[in-house]
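Enquirer: Sequence and computational prediction follow.
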Amino acid sequence: MEPLLKGPAGFDHLKNAFANHYGSPSDALTSLPLTAQWISSRWHGKDQEWNEHKNSLLALTSDKNPYQGHLPSAALRTGAATNTGHQQPECNGEIVDLLVRLGLLKLVSGISAITEESLPETLKLNLSRLRAVEAQIQKIIVISTSILVFRQILMSEKALVNPVEMENRVVRCGNEVLVLLDRSAEAEVEEIVEIMSGFSRDGEEASNTNKLQSRKAVMREYPMLII
């Protein structure tokens, strides 16, 4: 039965069951109020979001970008591949596609955890998949924020003059935070703080208590470090 359920017949069954429960697509505005609200909530900011996306891609592909050649994977830029192995097309700014993508991003990057009650009618069957994406997004946010904070600390302390050495230290810090998050989904903020504050000017653990406490104070100013 599994090949049948995962194939076109399974899709048709779900589509018909959905239509039987919620009615005709022509009545979507009244029969799918949560979905209508979810889509319309992204309308006013869509142009700004799209322009920022295009500008980011231009900056990444610029010859002046030091990370040119290390662009995000196609999966990251387009939303990964389907279970058939085919790549999803990259967003080209088409209104409905853009609104759906922005709506999905808003769902998985929110502060509150996704619940079935918070989902629009059209996504309730995807709760487990959205929760998995949500966990990955939160991990990315924590790691990115950790890297930014650690770089700020190094710059404020003038701990490293050589930019290559600074980047190497920042990468090491980011990798250790990643290992921590992979090891424990319930990692505490204190554990991340300890990793970030454990680097001194020569790469050894910081022995200066005042410096250690100062670093921790800076890190706690960033709510994004709260998992």
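Expert: That came through, no problem.

Enquirer: G174 and I147 touch, don't they?
Expert: Yes: look at G174 against I147 with Cβ atoms under 8 Å: they come within range, at 4.7 Å. Yep, even glycine has a C-beta here, placed from its N, CA and C like the rest.

Enquirer: Compare these two (neighbour count), which wins?
Expert: Set side by side, G174 and I147 show more neighbours around G174, with 19 against 16, by other Cβ atoms under 10 Å.

Enquirer: buried sites along the host helix or strand of that one?
Expert: Assigning secondary structure by DSSP states H and E places G174 in helix 163-183. Taking 16 or more other Cβ atoms under 10 Å as the neighbour-count basis, helix 163-183 is seen to contain the buried residues 166, 169-170, 173-174, 176-177, 180-181.

Enquirer: Quick check: next helix or strand after it?
Expert: Following the chain from helix 163-183 toward its C-terminal end, the next helix or strand by DSSP H and E is helix 189-197.

Enquirer: quick one: average pLDDT of that next one?
Expert: Mean pLDDT, taken over the full extent of helix 189-197, equals 76.

Enquirer: Can you point out the buried residues in that helix?
Expert: Of the residues in helix 189-197, those with enough neighbours to count as buried (16+ other Cβ under 10 Å) are 191-197.

Enquirer: Next, the angle from that helix to helix 163-183.
Expert: Here helix 189-197 points in a direction 160 degrees away from that of helix 163-183 (axes from the mean of the first three to the mean of the last three Cα atoms, to 10 degrees).
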